[in-house]
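Student: got a sequence here, can you model it:
(2 chains)
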Amino acid sequence: MLRLDKLVKTYKTGDQALKSVSLEIPEGQVLALIGPSGAGKSTLIRCINRLVEPTSGKVYLGNVELTGLSSGALRRERRRMGMIFQEYALVERLSVMENVLSGRLGYVGFWRSFLRRFPQSDVDEAFRLLDRVGLAHMADKRADELSGGQRQRVGICRALIQNPALLLVDEPTASLDPKTSRQIMRLICELCRERGLAAIINIHDVALAQMFVQRVVGLRVGAIEFDGPPDALTPDVLTTIYGEEDWEATIEAVEDDDIEAAE
Amino acid sequence: MSSPDFDLDARLGKPWKKPPFVQRPWLRYTLWMGFVAYLIAAWMTIEVDWARVYAGLERGQKFVLAFTSPDFTTRSSDIYGGMLESIVMTVAASVVGIIISIPIALGAARNVAPLPVYLICRGIIAISRALQEIIVAILLVAIFGFGPLAGFLTLSFATIGFLSKLLAEDIESMDRVQAEAIKASGARWTQWINYGVQPQVMPRLIGLSIYRVDINFRESAILGLVGAGGIGATLNTAFDRYEYDTAAAILILIIVIVMALEYISGFVRARVQ
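Tutor: Modelled structure (predicted):
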């Protein structure tokens, strides 16, 4: 469904963030991208929806080659890729509802969006999604009044209302406490399963990734070092990705003890 | 873990001081001495003709005393007419200036506009800021003749340079990620500005606009001195006739209005945060 073909990104400063990365993700697969800071995880997912322009290589979403698109066609394809951000990236001075509805901007015209007159079906879907993540009663609150976990749930709604085929998730739990982190990861993975979405999740927390995903890809200085199921992550593998450290404590040290639904 | 090339034992027990801003001692002391020499030289160039000051004191005293008995009535129709003209000039110039400033500010923000647009808009701002209001007013009075039209155009022109520059700087320092999130949803450029950029810069835009209304009103009092209409013309006439009590009345009105605007701007800015 998503295919990266020899993707290279060299920044103007000369830093090579990605060195010929090739990767294929089938329909409905949730993949965790792990690796140390600066390994190129963020660059990789931003090259997919071209918030960062790749230097060379190709990205295919279904049969469409994203890398060659004009700006108008790129906008239409971006609608099929929902993005969830580190630090939530909600527009803080807009209301929760406006933030969620901003996920529909690719589908409605300028004046409709300017006057906040979204189609009834969009409004209904926004309330359905907010209700699903337990925030429907907060719809008219301003985004900066929410807690971190709540903001990230609004961010999830904003990505899902695009009705995407693929989720690009950039460090969704980086600024959350351990419990909220798990709730958010569980929510993302549940929603992907419900809707048959593929997802790429950048994540620092190896144990958290192991708990929720079907496949783990390890990135190290812009190249793929590991690609396999979560239980194949051994101390040796982690050493090749991150460098020498005592890994026994990290791997599956956390047991899934709070089974309560992420609400 | 320990730092390489660092002898901790040798360092311990010695006091620590913040390193000086200028590292080289000779340069540091030269700069200080140059500064003191400049102060002395500057002091010695001041020439005051104390006899002239003594003669002028009386006139100054008359002017200050006029504030105790301001005369609002004798020239009331001139004051009223001038005030109204100033207020109309201020409001019209602010509205027109702000409306023109917004697109120019977008064009002058490097993170929003492409390079050619950026250079053109920065050029417009540079021209507007380089020309002082009085000079523009003299030019426009020469073209359009005496009266408030020249003043209105001058103030609009000055508003563009002021507001576009400061708003563009606010746009450049906005949170990139919030705007990026809107872009990632497939929004068009106009929607991106409306959802990703506008909410972030709105408080600043409102604050600057009110501040500019305040400045425009004060400027409108000056522009009358070169014939560009407004209360300044009345004020100038009052001074020419040595009617210090009428001048005092006008100045008191200007001060009251500026203070009222100041109060309103503080109130509004607190509400839009």
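
Student: now the stretch 101-250 of chain A, which segments are flagged as low pLDDT?
Tutor: A:249-250 (pLDDT under 70).

Student: which strand or helix spans whatever residue of it ends up closest to chain B?
Tutor: As assessed by CB to the nearest CB, chain B sits closest to residue A:106 within the stretch 101-250 of chain A, at 2.7 Å. Heads up, the C-betas are built off the backbone N, CA and C, glycines and all. Using DSSP states H and E, residue A:106 sits in no helix or strand.

Student: check the residue lying closest to it once chain neighbours are set aside and give its pLDDT.
Tutor: Spatial nearest neighbour of residue A:106, excluding adjacent residues (CB to CB, 6 or more residues apart in numbering or on different chains): residue B:186 at 2.7 Å. On the pLDDT scale, residue B:186 is placed at 91.

Student: ok, residue B:206 next?
Tutor: Model confidence at residue B:206, given as pLDDT, is 91.

Student: which residues are in contact with it?
Tutor: B:268, B:269, B:272 (CB atoms under 8 Å, 6 or more residues apart in numbering or on different chains).

Student: report the secondary structure state of the residue most central in space within chain A.
Tutor: The centroid of chain A falls nearest to residue A:169 when counting by CA atoms, centre = their mean (0.9 Å). What DSSP: H, G, I helix; E, B strand; the rest coil gives for residue A:169 is strand.

Student: re the thing from before, what subset of the contacts of residue B:206 is buried?
Tutor: residue B:269 (16 or more other CB atoms under 10 Å in any protein chain shown).

Student: mind checking which of the contacts of residue B:206 land in helices?
Tutor: Among those, DSSP state H puts B:268, B:269, B:272 in helices.

Student: can you add pLDDT and distance to chain A and give those residues back as JSON lines?
Tutor: Shown next, in JSON lines, are the ones in helices among the contacts of residue B:206 (pLDDT from 0 to 100; distance: CB to the nearest CB, whole Å):
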{"residue": "B:268", "pLDDT": "85", "distance to chain A": "16"}
{"residue": "B:269", "pLDDT": "80", "distance to chain A": "14"}
{"residue": "B:272", "pLDDT": "77", "distance to chain A": "9"}
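
Student: ok, longest helix in chain B?
Tutor: In terms of residue count, the longest helix belonging to chain B (DSSP H) is helix B:76-107.

Student: right, is whatever helix or strand comes next after that one up against chain A?
Tutor: Next along the chain after helix B:76-107, taking DSSP H and E as the criterion, comes helix B:115-130. No. Using CB under 8 Å from any CB of the partner chain, helix B:115-130 stays clear of chain A, coming no nearer than 14.7 Å.

Student: and residue 59, how many residues sit next to it?
Tutor: All of this is about chain A. Using other CB atoms under 10 Å in any protein chain shown, residue A:59 is surrounded by 22 other residues.

Student: chain B is the one I meant
Tutor: 11.

Student: that one: helix or strand, and which one exactly?
Tutor: helix B:50-66.

Student: give the buried residues for that helix.
Tutor: Neighbour-count burial for helix B:50-66, counted by 16+ other CB under 10 Å, picks out B:63, B:66.

Student: what's it in contact with?
Tutor: So helix B:50-66 is in contact with B:244, B:245, B:247, B:248, going by CB under 8 Å, 6+ apart.

Student: can you classify residue A:131 by secondary structure?
Tutor: Following three-state DSSP, we place residue A:131 in the helix state.

Student: where does the stretch 101-250 of chain B get nearest to chain A, which residue?
Tutor: For the stretch 101-250 of chain B, CB to the nearest CB, closest residue to chain A: residue B:186, 2.7 Å.

Student: look up how far residue A:164 lies from that residue.
Tutor: Per CB to CB, to the nearest Å, residue B:186 is found 10 Å from residue A:164.

Student: what's the neighbour count on the closest residue to residue A:101 other than its chain neighbours?
Tutor: Nearest residue to residue A:101 in three dimensions, chain neighbours excluded: residue A:118, at 5.2 Å (CB to CB, 6+ apart). Using other CB under 10 Å, residue A:118 is surrounded by 23 other residues.

Student: give me the element residue A:118 is part of.
Tutor: Assessed by DSSP H and E, residue A:118 sits outside every helix and strand.

Student: circling back to that earlier point, residues contacting the residue nearest to residue A:106?
Tutor: By CB under 8 Å, 6+ apart, the contact set of residue B:186 is A:75, A:76, A:77, A:78, A:79, A:105, A:106, A:107, A:162.

Student: wait, doesn't the first one sit right on residue A:105?
Tutor: Read it as residue A:75. No. Residue A:75 is beyond contact range of residue A:105, at 9.3 Å (criterion: CB atoms under 8 Å).

Student: and for those two, which residues touch both?
Tutor: Jointly contacting residue A:75 and residue A:105 under the rule CB under 8 Å, 6+ apart are B:186, B:187, B:188.

Student: as TSV, those with secondary structure would be great.
Tutor: Shown next, in TSV, are the shared contacts of residue A:75 and residue A:105 (three-state DSSP):
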residue	secondary structure
B:186	coil
B:187	coil
B:188	coil
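
Student: kindly report the residues of chain A close to chain B.
Tutor: Residues of chain A lying near chain B (CB under 8 Å from any CB): A:49, A:51, A:75-79, A:81-83, A:85-87, A:89-94, A:98, A:102-107, A:110, A:113-114, A:155, A:158, A:162, A:168.

Student: follow-up on the earlier one: residue A:75 and residue A:105: who's more crowded?
Tutor: Shown here are residue A:75 and residue A:105; by other CB under 10 Å, residue A:105 has more neighbours (28 against 20).

Student: which residues touch that one?
Tutor: The contact partners of residue A:105, taken as CB under 8 Å, 6+ apart, are A:113, B:182, B:185, B:186, B:187, B:188, B:191, B:192, B:195.
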